[in-house]
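Build the 3D model from these lines:
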Amino acid sequence: MTVATETLTIRLPTAAAHRLRRVAEVARRPVDEVVAETLRTSLPPLLEDVPPAFRSDLAALETFSTVALWQQMRAELSPEQVHRYDMLLETNAAGALNWLSCRRCNEHKGIQTEALDPETGSSVSLFDPRRQTWPAHFKWSGDGTRILGLTPCGRAPVSALQLNDADIVAARQLWVAVGWHPPQE
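Have a look, this model is predicted:
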């Protein structure tokens, strides 16, 4: 499938341009592909990106203030869920969390910062989304249901965090069926 493209000239700080070139080199991909992937995965979704069945509900939420959205979210959660969420926010604000992720991944990760690369048996640092880019270390399987590690830093968390266990793969199959997954380039 050919995707329409547009040339856009932007000015970047030298350090950011160097980082982009380095990530592209590590990923063995052209810089423009890395930039496009980074933008695609970093920009917030637009209403047009959501399946039509959910657009009207989400459009209604656009009129809410941030405070109103927080109040609505808290009203929908159990007291235990609110407490757990507040604790995660406090821990993150203190710099003690590497990143906010789903509960399943956080529970598998625990305090690990390293794990074994299943291919080499070497202990390697886990992928750090604050310092590394996803496409340099991972890709989706052809059917979009499994995460494939491309590097030791990618393979280790796929194994250690059980990113492809049966439950999450089954969920991804449903997401694929309704067009929510995998992210499209």
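
drop to CA atoms for contacts and neighbour counts, all remaining ones
OK.

can you give me the strands for the protein?
For the chain, the strands defined by DSSP state E occupy 114-116, 123-125, 138-140, 147-149.

in this structure, what spans have low per-residue confidence?
The model of the chain has pLDDT under 70 over residues 1, 40-45, 92-101, 184-185.

Please tell me I have it right and Pro30 contacts Ala24.
Yes. Look at Pro30 against Ala24 with C-alpha atoms under 8 Å: they come within range, at 5.8 Å.

Those two - which one has more neighbours?
Ala24 (20 against 13; other C-alpha atoms under 10 Å).

Correct me if wrong: Ser159 contacts Pro118.
Yes. Between Ser159 and Pro118 there is a contact under C-alpha under 8 Å: 7.2 Å.

re earlier: Thr5: which of the strands of the chain is closest?
Thr5 sits nearest to strand 138-140 of all these, at 21.7 Å, using C-alpha to C-alpha.

mind listing what the closest one pairs with, with the direction of each?
Strand 138-140 pairs in its sheet with strand 147-149 (antiparallel), by DSSP bridges.

that older thread, just put the strands of the chain in TSV and tack on distance to Leu69 and mean neighbour count.
Formatted as TSV, the strands of the chain follow (distance: least, C-alpha to C-alpha, whole Å; neighbours: other C-alpha atoms under 10 Å):
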stretch	distance to Leu69	mean neighbour count
strand 114-116	37	20
strand 123-125	37	16
strand 138-140	32	17
strand 147-149	32	19
